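Q: Sequence and predicted structure, then a few things I'm wondering about:
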Amino acid sequence: MDMEKVNSMDFGEFVDVFGNVIERCPLIAAAVWSQRPFSDLEDLEKHFSAFIDALPQSGQEGVLRCHPDLAGRELQRGTLTAESQREQGAGLTSLGAEERLRAELNAQYRARFGFPFVLAARLSDREAVLRELARRLHRPPALELRTALGEVKKIGRLRLADLVGADP
Ligand SMILES: NC(=O)N[C@H]1NC(=O)NC1=O
């Protein structure tokens, strides 16, 4: 799909295609549509990021809360969005002690910060997820909010590249 095609999309089509660039936040795609035309993929990506940056803290936390737990119950139940399923399904299924430790750390993280632990799964692997969970769990909340939003943007960048980089 090229940029000319993206810029020619009507509102409904744009939200259908880009509505899950930010997990379960089609409102962001809806707002970005108003800012077309986009010069290239990077420009499109900047608009998604800028929208997130401009949100008040409650909105930024809301964006994070729209994410499923990483390798959590939804992965096992198969109720993730198609994008999340692809990202998490590849390398994050595991059983037994590791699974329990990850669930426990995910729960501690959510209890401390009030949003789920978010990490771009496609740029990571099982061991790194556990390492990062343990490391980020004890950081100051303001710093952690910034880091988590950075991961949301990385996930969005990869999803956009899948969509726009793809052949028509
Ligand atoms: N919680 C969390 O990080 N979720 C995700 N990460 C990712 O790469 N895809 C997701 O759904």
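A: Yes, it's here.
Q: center of the protein, which residue is that?
A: Nearest to the geometric centre of the chain sits V152, at 3.9 Å (Cα atoms, centre = their mean).
Q: I'd say that residue and I22 touch.
A: Yes. Counting by Cβ atoms under 8 Å, I22 is a contact partner of V152 at 6.4 Å. In this view, the C-beta of every residue, glycine as well, is placed from N, C-alpha and C.
Q: which is the next helix or strand following the worst-scoring helix or strand of the chain on mean pLDDT?
A: Lowest by mean pLDDT, DSSP states H and E among the helices and strands of the chain is helix 73-77, with a mean of 79. Next in sequence after helix 73-77, counting helices and strands by DSSP states H and E, comes helix 82-89.
Q: and that next one with the ligand, contact?
A: Yes. For helix 82-89, a contact with the ligand is found by Cβ under 6 Å from any ligand atom, at S84, E87, Q88.
Q: picking up where we left off before, now do the residue nearest to the centre of the chain, the pLDDT please.
A: pLDDT, V152: 98.
Q: Same question for E99.
A: 80.
Q: how about the nearest residue to it, chain neighbours excluded?
A: Computed as Cβ to Cβ, 6 or more residues apart in numbering, the closest residue to E99 that is not its neighbour in sequence is A71, at 7.8 Å.
Q: give me the low-pLDDT residue ranges for this protein?
A: Residues of the chain meeting the criterion pLDDT under 70: 89-95, 166-168.
Q: try 90 this time
A: 1, 69-80, 85-103, 124-130, 165-168 (pLDDT under 90).
Q: Do a quick rundown of the helices in it.
A: For the chain, the helices defined by DSSP state H cover 3-8, 11-18, 26-33, 41-54, 57-65, 73-77, 82-89, 96-113, 126-136, 141-165.
Q: Need those helices in CSV (columns: distance to A120).
A: Below are the helices of the chain laid out as CSV (distance: least, Cβ to Cβ, whole Å):
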stretch, distance to A120
helix 3-8, 23
helix 11-18, 18
helix 26-33, 17
helix 41-54, 14
helix 57-65, 13
helix 73-77, 15
helix 82-89, 8
helix 96-113, 16
helix 126-136, 10
helix 141-165, 4
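Q: Counting neighbours, which of the residues of helix 82-89 next to the ligand comes out on top?
A: E87 (24 neighbours; other Cβ atoms under 10 Å).
Q: contacting residues for that residue?
A: A120, A121, R122, I155, L158 (Cβ atoms under 8 Å, 6 or more residues apart in numbering).
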